[in-house]
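Engineer: sequence? don't have it. structure:
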């Protein structure tokens with residue numbers, strides 16, 4: 001039986017044997033063909049230097065593309081501020097020479113590598129009677145990076161400056177004495193953008209943020225709340241705090257017995273989690289008899305209550 005099986009399936013005629021040999025030869029040729037390609041295809045010489053140049057060009061194009069996309073997609077102040085902070089930290093190529101910051105012209109400031117905005121700040125400071133008394137004082141210039149200030153300090157040469165604000169007769173013939181100006185204060189709940197801009201270190205964007213934060217809160221009940229303004233440096237707040245007062249103490253309050261979750265969550269101190277907790281508690285237990293009852297909500301601790309209570313009412 002096995003012999004018959006082998007004879008039927010494994011015995012080939014002469015033509016079949018030739019066909020098998022041809023098929024195997026073709027298969028072998030296709031297997032070996034890739035190994036012969038290098039013999040027929042002449043490879044072009046590769047320049048390693050050209051390859052490096054192409055890589056560098058691609059990196060430059062990629063960086064330009066990222067910068068362009070970043071600029072085109074800049075749709076809120078956070079991107080703008082972040083870009084400005086990066087620009088402030090950019091190192092500036094400049095020449096150095098001895099200079100007196102009290103008399104240096106804007107052109108010389110530019111030669112020193114100082115940006116136009118910072119030069120404007122310096123000129124404004126000097127025009128209002130401000131003076132630099134020692135080289136280290138330039139490190140206090142608003143907008144001047146500390147490393148740039150430290151780089152310039154060895155080249156500062158300040159002539160004698162009278163700290164009593166005496167003036168040269170040639171320049172100021174009409175003034176014989178100086179009377180210090182009284183510090184002007186502003187009401188944090190009444191001040192407009194212009195009033196905030198008049199404060200040292202406050203520009204138009206910070207002034208707009210302060211007012212926007214005040215409007216979302218419904219008014220300030222403490223001067224210290226202004227320090228919570230987004231991207232307001234603590235050093236700037238400490239500088240302007242003596243000029244801030246709380247004259248108008250009227251603030252907008254939210255009725256926790258009638259307000260919806262959507263109405264409450266827009267408040268910066270409440271947000272969605274607390275707004276939803278207040279609403280659910282009211283649904284389960286009825287109206288609040290006093291603002292203090294929100295302490296029964298698990299989310300509300302003493303710090304949160306003291307912070308948000310002035311903005312809540314039950315009437």
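Structural biologist: Okay, I see it. Everything quoted here is computed from the prediction, not taken from an experiment. Numbering: from 1, shown residues only.
Engineer: Point out where the stretch 51-200 of the chain drops to low pLDDT.
Structural biologist: Within the stretch 51-200 of the chain, the segments meeting pLDDT under 70 span 51-53, 56-57, 59-60, 63-93, 160-183.
Engineer: how about residue 187, phi and psi?
Structural biologist: Dihedral pair for residue 187: phi -90, psi 120, per degrees, to the nearest 10.
Engineer: For it, name its beta-bridge partners.
Structural biologist: Here residue 187 sits in beta bridges with residue 245, going by DSSP bridges.
Engineer: Run through the strands of the chain in chain order.
Structural biologist: In the chain, the strands defined using DSSP state E lie at 186-187, 244-245, 254-255, 312-313.
Engineer: helices and strands around the third one, which ones?
Structural biologist: This points to strand 254-255. Applying 3 or more CB pairs under 8 Å, 6 or more residues apart in numbering; DSSP states H and E, one finds that strand 254-255 contacts strand 312-313. Using the backbone N, CA and C atoms, a C-beta is placed for each residue, glycine as well.
Engineer: again, only using 6 Å
Structural biologist: On a contact count with 3 or more CB pairs under 6 Å, 6 or more residues apart in numbering; DSSP states H and E, strand 254-255 meets no helix or strand.
Engineer: got the contact list for that strand?
Structural biologist: Residues outside strand 254-255 that contact it (CB atoms under 6 Å, 6 or more residues apart in numbering) are 264, 311-313.
Engineer: how many other residues sit next to residue 274?
Structural biologist: By other CB atoms under 10 Å, 20 other residues sit near residue 274.
Engineer: count of neighbours near the closest residue to it other than its chain neighbours?
Structural biologist: Distances taken as CB to CB, 6 or more residues apart in numbering place residue 299 nearest to residue 274, at 5.6 Å, with adjacent residues excluded. By other CB under 10 Å, the residues close to residue 299 number 12.
Engineer: what's residue 299 sitting at in phi/psi?
Structural biologist: phi -70, psi -20.
Engineer: next one: residue 185
Structural biologist: Torsion angles at residue 185 (phi, psi; degrees, to the nearest 10) stand at phi -100, psi 160.
Engineer: Would you mind confirming that it makes contact with residue 240?
Structural biologist: No. If you go by CB atoms under 6 Å, residue 185 and residue 240 don't touch, sitting 10.2 Å apart.
Engineer: who has more neighbours, the two?
Structural biologist: Counted by other CB under 10 Å, residue 185 and residue 240 do not tie: residue 240 has more neighbours, with 19 against 12.
Engineer: now the helices for this protein?
Structural biologist: When secondary structure is read from DSSP state H, the chain shows helices at 2-10, 14-40, 48-72, 77-88, 106-111, 116-127, 146-152, 193-197, 204-217, 234-240, 261-265, 271-285, 302-308.
Engineer: quick one, which of the ones you listed is nearest to residue 224?
Structural biologist: Closest of those to residue 224 is helix 234-240, at 8.6 Å (criterion: CB to CB).
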